[in-house]
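S.K.: Below are the sequence and a predicted model; questions follow.
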Amino acid sequence: MRAVRAALLLGGLALLACGLVGLLTDPYVTGPLGVLLWAVGLVALHDGLWLPLVCALGAAATGRPVLRGWLVVAAAVSAVAVPAVLRAGDDHGNPTLLPLPYLRNWLLFLAVSAAAAALTAAARRGARRARRTRRAGRAGRTGRAGR
């Protein structure tokens, strides 16, 4: 296990070094310090706001695995969709830059995935109820119900 961790650590550091060299030597990046500050701000936003929010919602949904799963999926899709939603209409004269109705599509995805999660939860609840009914029926036939 120690060797695997060391290999993963070295691989991660190598990728980090490769990214930093690319950042500092790329001719299109005119302000690498600004990019690094943006990255630090992104990490602070993720660790200071996004992660605690997702953890709090997950903790509130304890005992409801379908809801927790949907929240994880909704959070991941929202993290990707929200920047496009916020920039809708900001095409800088290029109508092909953000050509789709991102807000409508994001809300549609959330609604359809929530409906799928609700159907899954209802099916699980129905299956649990059917198992309990079968067990109660078997217990009644064997005479254990009155004891």
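M.R.: Alright, I've got the coordinates. Numbers count the residues shown, from 1 in each chain.
S.K.: Now do Pro52 against Val43, distance only.
M.R.: 14 Å (CB to CB, to the nearest Å). (Each C-beta comes from the backbone N, C-alpha and C, glycine too.)
S.K.: Equivalent analysis for Cys18, please.
M.R.: On the measure of CB to CB, Cys18 and Val43 end up 19 Å apart.
S.K.: now do Leu15
M.R.: Distance from Leu15 to Val43, by CB to CB: 16 Å.
S.K.: I'd like to know the average pLDDT value across the longest helix seen in the chain.
M.R.: Ranked by number of residues, the top helix in the chain under DSSP state H is helix 102-141. For helix 102-141, the mean per-residue pLDDT is 90.
S.K.: Quick check: buried residues in that helix?
M.R.: By neighbour count with 16 or more other CB atoms under 10 Å, helix 102-141 contains the buried residues 102, 106, 110, 117, 121.
S.K.: Quick check: the gap between Trp70 and Ala81.
M.R.: On the measure of CB to CB, Trp70 and Ala81 end up 15 Å apart.
S.K.: Show the backbone phi and psi for the residue nearest the centre of the chain.
M.R.: Residue closest to the average C-alpha location in the chain (CA atoms, centre = their mean): Ala76, at 2.7 Å. Main-chain dihedrals, Ala76, degrees, to the nearest 10: phi -70, psi -50.
S.K.: Check what pLDDT it gets.
M.R.: We have a pLDDT of 87 for Ala76.
S.K.: Might you report the residue contacts of it?
M.R.: Under the criterion of CB atoms under 8 Å, 6 or more residues apart in numbering, Ala76 has no contact partners.
S.K.: where exactly do the helices run in this structure?
M.R.: Using DSSP H, the helices assigned to the chain run over residues 2-25, 32-45, 51-60, 65-86, 102-141.
S.K.: Let me have those in a markdown table, adding distance to His92 as columns.
M.R.: Formatted as a markdown table, the helices of the chain follow (distance: least, CB to CB, whole Å):
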| stretch | distance to His92 |
| --- | --- |
| helix 2-25 | 24 |
| helix 32-45 | 20 |
| helix 51-60 | 32 |
| helix 65-86 | 15 |
| helix 102-141 | 16 |
